[in-house]
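K.L.:
next one to model:
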Amino acid sequence: MDQKNVEQLTIKIQGLNDDIFTWLEAFLLDKKVTNLSPATVKFYENMLKQFFAYCDGQSITRITEITPDILRRYLLFLGDRKHNPGGIHAAYRALKVFLNWWEAETERSEEHTSELQSP
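P.N.:
Residues are numbered from 1 along each chain as shown. Next up, the predicted model:
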């Protein structure tokens with residue numbers, strides 16, 4: 001990607017609001033641009049959409065409303081739904097990558113996952 005396109009993408013991302021689905025689209029676009037395999041991008045999309053559906057049920061619509069406690073509750077929710085440990089860990093990994101990416105893109109240091117231990 002040439003410098004002009006990178007600058008346009010950066011400007012577009014910086015202008016986003018904190019709606020979680022808006023950030024999901026930006027994240028998936030970034031992962032496609034960085035040449036991740038289509039299967040990896042689909043993995044992130046599936047894992048994150050499941051988490052955002054959980055968030056919707058908790059009336060969480062903004063990325064800034066996601067806390068380490070919400071993440072812990074979601075991982076417990078997955079366990080209660082009989083997800084196996086590997087599936088729970090996969091969800092954790094996807095969330096960690098997404099939230100770390102968001103923090104880097106917005107130059108915030110919310111550290112959503114730094115307090116969260118890997119399941």
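K.L.:
so how far is Trp23 from Tyr74?
P.N.:
Counting by C-beta to C-beta, to the nearest Å, the gap from Tyr74 to Trp23 is 17 Å. From N, CA and C alone the C-beta is placed, and that goes for glycine too.
K.L.:
more neighbours, the two?
P.N.:
Trp23 (23 against 20; other C-beta atoms under 10 Å).
K.L.:
Leu99 is in contact with the more buried one, correct?
P.N.:
No. Using C-beta atoms under 8 Å, Trp23 is not in contact with Leu99, being 9.7 Å away.
K.L.:
not counting its neighbours along the chain, what's nearest Gln58?
P.N.:
Ile70 (7.0 Å; C-beta to C-beta, 6 or more residues apart in numbering).
K.L.:
helix or strand for that neighbour, just tell me which one.
P.N.:
Ile70 belongs to helix 68-80 when assigned by DSSP states H and E.
K.L.:
on contacts alone, who are the packing partners of the next helix or strand after that helix?
P.N.:
Next in sequence after helix 68-80, counting helices and strands by DSSP H and E, comes helix 85-106. Packing partners of helix 85-106 (3 or more C-beta pairs under 8 Å, 6 or more residues apart in numbering; DSSP states H and E): helix 3-14, helix 20-33, helix 38-57, helix 68-80.
K.L.:
what comes up buried for the longest one?
P.N.:
Of the residues in helix 38-57, those buried under the neighbour-count criterion (16 or more other C-beta atoms under 10 Å) are 41, 43-45, 47-48, 50-52, 54-55.
K.L.:
who touches it?
P.N.:
20-21, 24, 27-28, 31-32, 61, 65-66, 70, 74, 77, 90-91, 94-95, 97-98 (C-beta atoms under 8 Å, 6 or more residues apart in numbering).
K.L.:
just the buried residues of the residues you listed.
P.N.:
Neighbour-count burial within these applies to 20, 24, 27-28, 31, 66, 70, 74, 77, 90-91, 94-95, 97-98; the criterion is 16+ other C-beta under 10 Å.
K.L.:
farthest-apart pair in the residues you listed, please.
P.N.:
Spatial extent of those (C-beta to C-beta) is set by the pair Lys31 and Phe77 at 25.1 Å.
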